[in-house]
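1. predicted model follows, preceded by the sequence.
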Amino acid sequence: MDTIDKNILVSSIDPGLVETDFSNVRFHGDTEKAKNVYKGLIPLTGDDVADAVIYCATRPPHVNIAEITLLAARQASATIVYREE
């Protein structure tokens, strides 16, 4: 809202579960715990998020993508995830 008169477009990309090294850092190098975060589902990848960024950045000048919520197929929200056994 602060940039509306400046011709600056702002997009927010809000990804859900993305498999990165973050879980290894979060669990202080405990690889098994880090793997369990994504167990039973196929998480997003960094490339999935990058595609959304590229999409926003390549719209025509008259188009602004305000927000993209990007979730894994088995993720309904930040706290609701369906995991295969």
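-> Sure thing, it's come through. Because the structure is a prediction, the values reported are computed rather than measured. Residues are numbered from 1 along each chain as shown.
2. part of a strand, is residue 49?
-> No. Going by DSSP: H, G, I helix; E, B strand; the rest coil, the assignment for residue 49 is helix, not a strand.
3. check the burial of it by counting its neighbours.
-> Neighbours of residue 49 under the rule other CB atoms under 10 Å: 18. All C-beta atoms are positioned from the backbone trio N, CA, C, and that covers glycine.
4. then residue 1?
-> 5.
5. mind checking how far it is from residue 66?
-> 11 Å (CB to CB, to the nearest Å).
6. do residue 16 as well
-> 18 Å.
7. quick one: the helices in the protein?
-> 22-26, 31-36, 46-57 (DSSP state H).
8. could you dump those into CSV with distance to residue 85 and mean pLDDT added?
-> Output for the helices of the chain, formatted as CSV (distance: least, CB to CB, whole Å; pLDDT from 0 to 100):
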stretch, distance to residue 85, mean pLDDT
helix 22-26, 21, 92
helix 31-36, 14, 92
helix 46-57, 25, 97
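9. who's in contact with the residue nearest to the spatial centre of the chain?
-> Nearest to the geometric centre of the chain sits residue 15, at 1.8 Å (CA atoms, centre = their mean). Contacts for residue 15 (CB atoms under 8 Å, 6 or more residues apart in numbering) come out as 44, 48, 49, 52, 70, 71.
10. could you count how many residues lie near the nearest residue to residue 82 once chain neighbours are set aside?
-> Computed as CB to CB, 6 or more residues apart in numbering, the closest residue to residue 82 that is not its neighbour in sequence is residue 74, at 4.4 Å. With neighbours defined by other CB under 10 Å, the count for residue 74 comes to 16.
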